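>>> would you be able to build a 3D model of this:
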Amino acid sequence: MKQGAPALGNPADLLPPSWASIITAWLAEDTPSFDYGGFVVGSAPAEARLLAKSAGVLAGVPFFDEIFNQLGCTVEWQVTEGEQVGVKEKKQCIAIVRGPTRNLLLGERVALNVLARCSGIATKSQSLKTLLENAGYSGILAGTRKTTPGFRIVEKYGMIVGGCDPHRQDLSTMTMLKDNHIWACGSIPNAVTAARAAGGFAIKVEVECQTVTEAHAAINAGADVVMLDNFSPGELKEAAKIIKDQHGRGVRAPLVEVSGGLTEKNVEAYVCPDIDIISTSSIHQGVGHVDFSLKVVPKNVKAEAQQGESAQV
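Residues are numbered from 1 along each chain as shown. Prediction:
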């Protein structure tokens, strides 16, 4: 198992059956009319090399593959998703793409954009998780729902490849009651009771809390998770201990999550044994990209390589 990969299975197996239609839309957006550049190069068979130009965790392979699959091209990977790339070589060749020249270029920018973004998220996720583990944290590091509309599946996928929990996928996945829900309902018990009535036993309920008193109220009303939001490190550790001491630490005990402005610069100060989940959008929002390029092998270079192979035979 590669470092940063999920504990079980292949993350590509998580993708829903409808995900390929998103890629069709991406390709349609990028070439809504005539392909003038494609006319220049034509449809003769060609080969292109995918180069990793900066260091990072490779993520987004299924999206890259499907982009070129829809264009009638094939991808031969030299590395495995979840591996570190671009470390030993400045321009490491990590895949070879083959197909009609025009189609290679049709997919080039769409594929590189997705791969760069997804790999950047995986890299940041793995980096922060490693930092926390080195600080003694053994709980869950999760992302948030602060994702890009229309691109969430890629961003959540990158978190998973990086070894982090993607948190809830959407509003239907679990009920998270934030300050606006509480204010609209009048109280935490009212909000939790309504959430339980609507979601039944199958939907977990999480409540954002600003104080220990609110956390007690949420748990007593039936919340599964309490999120301690925007606490200072000292306040957080004290609050989490009080909650765990009163409501238990067993398998069925409520979970304590901490969130609010957590980054690589400050998150170590929040590490303590009474925190089950650290959630942050810093692993997927505003992160740097891993730099990739796709270079078509010039005809003369390919011809020379083939001649060399023939001479050896």
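>>> ok, how many other residues are close to the closest residue to T147 other than its chain neighbours?
Spatially, and ignoring its direct neighbours in sequence, T147 is nearest to E155 (4.7 Å; C-beta to C-beta, 6 or more residues apart in numbering). Placement of C-beta: from N, CA and C, glycine included. By other C-beta atoms under 10 Å, 21 other residues sit near E155.
>>> could you do the one 3 residues further on as well?
Each residue near G158 was counted by other C-beta under 10 Å, and the total is 29.
>>> if I look at it, how far off is A191?
32 Å (C-beta to C-beta, to the nearest Å).
>>> swap in E214?
Using C-beta to C-beta, E214 is found at 11 Å from A191.
>>> residues contacting the helix or strand encompassing the residue nearest to T147, please?
Here E155, judged by DSSP states H and E, is contained in helix 152-161. Here helix 152-161 makes contact (C-beta atoms under 8 Å, 6 or more residues apart in numbering) with 4-6, 11, 14-16, 19, 22, 57, 59-60, 62-63, 81-82, 114, 117-122, 125, 142-143, 147-148, 165-166, 169-170, 283-284.
>>> what sits against F68?
T74, V75, V97, G99, N103, L104, G107, A111.
>>> give me the buried subset of these.
Listed as buried from the contacts of F68 are V75, V97, G99, N103, L104, G107, A111; burial here means 16 or more other C-beta atoms under 10 Å.
>>> just checking, the third one is part of a strand?
Yes. For G99, which was evaluated using DSSP: H, G, I helix; E, B strand; the rest coil, the result is membership in a strand.
>>> could you count how many residues lie near R196?
Neighbours of R196 (other C-beta under 10 Å): 16.
>>> tell me which of the contacts of F68 fall in strands.
T74, V75, V97, G99 (DSSP state E).
>>> tell me the contacts of the first one?
For T74, the contact set (C-beta under 8 Å, 6+ apart) comprises F68, V97, R98, G99.
>>> what's the farthest-apart pair in those residues?
Greatest spatial distance in the contacts of T74: F68 and R98, 9.0 Å, computed using C-beta to C-beta.
>>> thinking again about what came up before, mutual contacts of E214 and A191, please.
V207.
>>> compare neighbour counts for those two and give me the winner.
In this view E214 and A191 are compared by other C-beta under 10 Å, and A191 has more residues nearby, 23 against 19.
>>> surely the more buried one and D179 touch.
No. Using C-beta atoms under 8 Å, A191 is not in contact with D179; the gap is 10.3 Å.
>>> now do the shared contacts for those two.
By C-beta under 8 Å, 6+ apart, no residue touches both A191 and D179.
>>> I275 against K241, yeah?
No. Using C-beta under 8 Å, I275 is not in contact with K241, being 9.9 Å away.
>>> ok, and the closest non-adjacent residue to C118?
G60 (3.2 Å).
>>> residues contacting the one you found?
Contacts of G60 (C-beta under 8 Å, 6+ apart): E81, V114, L115, R117, C118, S119, V154, Y157, G158, V161.
>>> quick check: it vs A28, distance?
20 Å.
>>> likewise for A197?
43 Å.
>>> again, but for R117
19 Å.
>>> please report the distance of the residue nearest to T147 from V114.
For E155, the distance to V114 - C-beta to C-beta - is 10 Å.
>>> ok, the residue nearest to I96 when sequence neighbours are not counted - contacts?
Excluding its sequence neighbours, the residue lying closest to I96 (C-beta to C-beta, 6+ apart) is E76, at 4.6 Å. Contacts here follow C-beta under 8 Å, 6+ apart; on that basis E76 touches A95, I96, V97, R98.
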